[in-house]
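**Student:** need a 3D model of the following:
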Amino acid sequence: MTLLIEQLKKLTTFFIILLFLFLLNIFFNVNYQWNGISIIVRVYIFLLSFYMVSNIASLDVESLKKEYSEKNGFPGTLYLFFQIRLAPVIVIYLLTFLYGLVDHIGSLYWPGLPVVNLLNGRYANIVIYSVILLMILKMKRDPQVSIPVFLAVSIFYLLVLDKLVYIYFSDGMAVSLIKVMKYSLLFFFLFYEFFYKRKRLSLFAVLGIISGVLIHGAVIGLLLLFVAFQPGDSYVYYHASKRLLKSGYCFHLKDVERSIIEYRYYQPIDEFLKYSKIYNNDIEYSSRDWREIIKNSPPANVDAILQYLSDRSIQLDYKFIINYAIENINKKRGQLNQSENINNYAAQYLDKNREYFFKAIEKENRFVKVWGIKVAGVARDIESMPWLIDKLSSFDAEDSVNAYSALKKITGIDPARRENLQANSPEVIARFRQFYRDYHKKTQ
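**Tutor:** Below is the predicted model of the structure:
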């Protein structure tokens with residue numbers, strides 16, 4: 001390890017400065033929550049990593065390979081490969097790992113959550129950029145050439161391989177394949193650059209793939225440990241579970257399903273529903289369980305729940321849904337009107353619960369009445385027309401406008417526009433009433 005130690009000794013001053021920056025980072029995170037110092041530390045790690053790579057790239061590798069090979073044969077060459085290729089990559093990753101831990105000291109779920117994020121690849125791009133720099137420095141070109149090439153390749157990797165790919169493959173086994181591919185390419189270039197024998201190109205490719213599979217397997221194994229040993233009401237447990245599900249591993253989905261109910265920890269329900277759809281997992285919750293989840297979840301999660309229930313044609317107690325909607329509309333002063341899923345769910349079963357629905361709506365304020373009008377329109381419920389026609393003639397402009405919109409959806413006609421009339425004019429009202437009478441004549 002003499003050569004590696006010599007290279008690290010050259011960086012002693014830089015490591016001391018990094019230690020000081022880490023301590024400063026901890027101090028600011030605990031006392032002030034200022035992100036500026038975190039940015040400074042991360043930029044410093046980039047510079048330190050690039051300087052380390054620059055030192056390694058300046059070594060006379062061919063002379064060193066000859067020296068180590070003469071002493072110990074091919075094992076000596078492998079030992080040299082570890083010292084000046086693998087070890088620097090490991091050191092750079094350890095620096096980012098320490099940064100990830102230090103930067104989140106004082107935050108919730110420390111250290112579990114930062115470790116799970118790091119296992120998922122957070123901050124790991126610095127390793128990729130360092131290897132790219134190593135490849136380019138080995139070309140021994142002038143800075144006027146090497147710097148633009150490095151920037152171009154790094155930007156291509158960032159925007160195409162690291163961002164664009166995940167837009168099209170955001171969840172499932174494809175994510176695992178992409179990660180294995182990235183690890184494999186990393187090690188392929190390390191092997192190929194160091195040994196550089198074109199006849200062994202296929203061997204380097206196989207070694208790269210094996211290395212990629214082993215590293216990804218190790219990451220998945222560590223995530224499984226978090227799932228196995230974290231309590232079921234821990235956010236870290238659900239975060240690690242999410243990372244496994246995102247990577248295509250769904251064998252623990254039923255365990256997550258049971259944990260949510262057993263520990264009454266409903267916060268990750270939206271993600272759980274998302275992956276249940278992806279992996280065609282039928283959730284075996286009772287109506288009572290769903291009601292408890294809805295009552296104890298934020299509106300955004302309730303929206304996802306109602307979407308899932310609608311897709312699976314799972315019907316809950318209608319009075320509960322309507323009362324929940326009314327309560328939240330009153331709290332949010334009408335904001336729940338923007339939720340299409342609660343509108344769709346309430347509309348889906350309106351024909352069987354029409355009497356209760358309109359009685360409940362009429363007791364409430366204008367926000368609730370507007371919501372009820374929209375639900376009737378979404379349901380395209382003919383029997384709601386008398387109630388909507390009554391709202392159409394209301395002095396409240398919002399009631400009138402929404403009632404006309406709902407009646408258009410139900411009937412498919414637009415008399416106000418066709419005849420150039422006001423939406424609440426007597427002629428328009430008469431036209432809708434005639435439509436309702438004609439409909440009943442046809443169905444008798």
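
**Student:** show me where the stretch 1-150 of the chain has its helices.
**Tutor:** Taking DSSP state H, counting those that start in this stretch as the test, the helices found in the stretch 1-150 of the chain are 2-9, 12-31, 36-57, 61-72, 74-81, 87-103, 112-119, 125-137, 143-156.

**Student:** okay, buried residues for the second one please.
**Tutor:** The reference is to helix 12-31. 18, 21-22, 25-26, 28-29 (16 or more other Cβ atoms under 10 Å). The C-beta positions use only the backbone N, C-alpha and C, and glycine is treated the same way.

**Student:** which among the helices of the stretch 1-150 of the chain is found nearest to Glu327?
**Tutor:** helix 112-119 (33.2 Å; Cβ to Cβ).

**Student:** which other helices and strands does that closest one contact?
**Tutor:** helix 87-103, helix 201-229, helix 235-246 (3 or more Cβ pairs under 8 Å, 6 or more residues apart in numbering; DSSP states H and E).

**Student:** now those in TSV, with distance to Leu253, mean pLDDT and mean neighbour count?
**Tutor:** TSV is the format used below for the helices and strands packed on helix 112-119 (distance: least, Cβ to Cβ, whole Å; pLDDT from 0 to 100; neighbours: other Cβ atoms under 10 Å):
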stretch	distance to Leu253	mean pLDDT	mean neighbour count
helix 87-103	28	90	18
helix 201-229	11	89	16
helix 235-246	7	88	22
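
**Student:** export the ones you listed as TSV, with columns for distance to Lys277.
**Tutor:** Shown next, in TSV, are the helices and strands packed on helix 112-119 (distance: least, Cβ to Cβ, whole Å):
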stretch	distance to Lys277
helix 87-103	31
helix 201-229	21
helix 235-246	11
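
**Student:** which residues are in contact with the residue lying closest to Leu98 once chain neighbours are set aside?
**Tutor:** Computed as Cβ to Cβ, 6 or more residues apart in numbering, the closest residue to Leu98 that is not its neighbour in sequence is Phe22, at 7.0 Å. Counting by Cβ atoms under 8 Å, 6 or more residues apart in numbering, Phe22 touches 41, 98-99, 102.

**Student:** could you identify the most distant pair in these?
**Tutor:** So, these by Cβ to Cβ: farthest apart are Val41 and Leu98, at 10.0 Å.

**Student:** for Tyr263, phi and psi?
**Tutor:** phi -100, psi 0 (degrees, to the nearest 10).

**Student:** isn't it right next to Gly232, touching?
**Tutor:** Yes - if you go by Cβ atoms under 8 Å, Tyr263 and Gly232 touch, sitting 4.8 Å apart.

**Student:** ok, those two, which is more surrounded?
**Tutor:** Gly232 (17 against 13; other Cβ atoms under 10 Å).

**Student:** that one sits in which helix or strand?
**Tutor:** Here Gly232, judged by DSSP states H and E, is contained in no helix and no strand.

**Student:** I'd guessed it sits against Tyr265; true?
**Tutor:** Yes - using Cβ under 8 Å, Gly232 is in contact with Tyr265, at 7.2 Å.

**Student:** which residues do these two both contact?
**Tutor:** Common neighbours of Gly232 and Tyr265, counting by Cβ under 8 Å, 6+ apart, are Ser259.

**Student:** show me what contacts Asn296?
**Tutor:** Asn296 sits in contact with 264, 266, where contact means Cβ under 8 Å, 6+ apart.

**Student:** tell me the spacing between it and Phe272.
**Tutor:** Remark: distance between Asn296 and Phe272 (Cβ to Cβ, to the nearest Å) = 14 Å.

**Student:** I figured Ile293 hits Tyr266, correct?
**Tutor:** Yes - with contacts counted by Cβ under 8 Å, Ile293 reaches Tyr266, the gap being 5.1 Å.

**Student:** any common contacting residues for the two?
**Tutor:** Contacts common to Ile293 and Tyr266, judged by Cβ under 8 Å, 6+ apart, are Ile260.

**Student:** would you mind listing where the stretch 201-350 of the chain has pLDDT under the threshold?
**Tutor:** 332-339 (pLDDT under 70).

**Student:** how about a cut-off of 80?
**Tutor:** 201, 232-233, 299, 330-340 (pLDDT under 80).

**Student:** need the distance between the two termini of stretch 241-260.
**Tutor:** End-to-end distance of stretch 241-260 (Cα to Cα, to the nearest Å): 12 Å.

**Student:** contacts for stretch 379-391?
**Tutor:** 347-348, 350-351, 354, 358, 369, 373, 376-377, 399-400, 402-403, 406-407, 409-411, 429, 432-433, 435-436, 439.

**Student:** please pick the buried ones from those.
**Tutor:** With neighbours counted using 16+ other Cβ under 10 Å, the contacts of stretch 379-391 contain these buried positions: 347-348, 350, 354, 358, 369, 373, 376-377, 399-400, 402-403, 406-407, 409-411, 429, 432, 435-436.

**Student:** what's the closest non-adjacent residue to Leu223?
**Tutor:** Once flanking residues are discounted, Leu223 sits nearest to Ala240: 4.9 Å by Cβ to Cβ, 6+ apart.

**Student:** how near is the one you found to Ile283?
**Tutor:** 20 Å.

**Student:** what's the pLDDT at Lys197?
**Tutor:** What the model reports as pLDDT for Lys197 is 65.

**Student:** which residues in the stretch 301-444 of the chain form helices?
**Tutor:** Going by DSSP H, counting those that start in this stretch, the stretch 301-444 of the chain shows helices at 318-332, 340-348, 354-362, 366-379, 385-392, 397-411, 415-418, 426-443.

**Student:** tabulate the ones you listed (JSON lines), appending distance to Phe81.
**Tutor:** As requested, the helices of the stretch 301-444 of the chain are exported to JSON lines (distance: least, Cβ to Cβ, whole Å):
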{"stretch": "helix 318-332", "distance to Phe81": "62"}
{"stretch": "helix 340-348", "distance to Phe81": "56"}
{"stretch": "helix 354-362", "distance to Phe81": "73"}
{"stretch": "helix 366-379", "distance to Phe81": "66"}
{"stretch": "helix 385-392", "distance to Phe81": "77"}
{"stretch": "helix 397-411", "distance to Phe81": "70"}
{"stretch": "helix 415-418", "distance to Phe81": "77"}
{"stretch": "helix 426-443", "distance to Phe81": "82"}
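
**Student:** deepest of the ones you listed, which one?
**Tutor:** Highest mean neighbour count among the helices of the stretch 301-444 of the chain (mean count of other Cβ atoms under 10 Å): helix 366-379, with a mean of 22.

**Student:** angle of that helix against helix 318-332?
**Tutor:** 130 degrees (axes from the mean of the first three to the mean of the last three Cα atoms, to 10 degrees).
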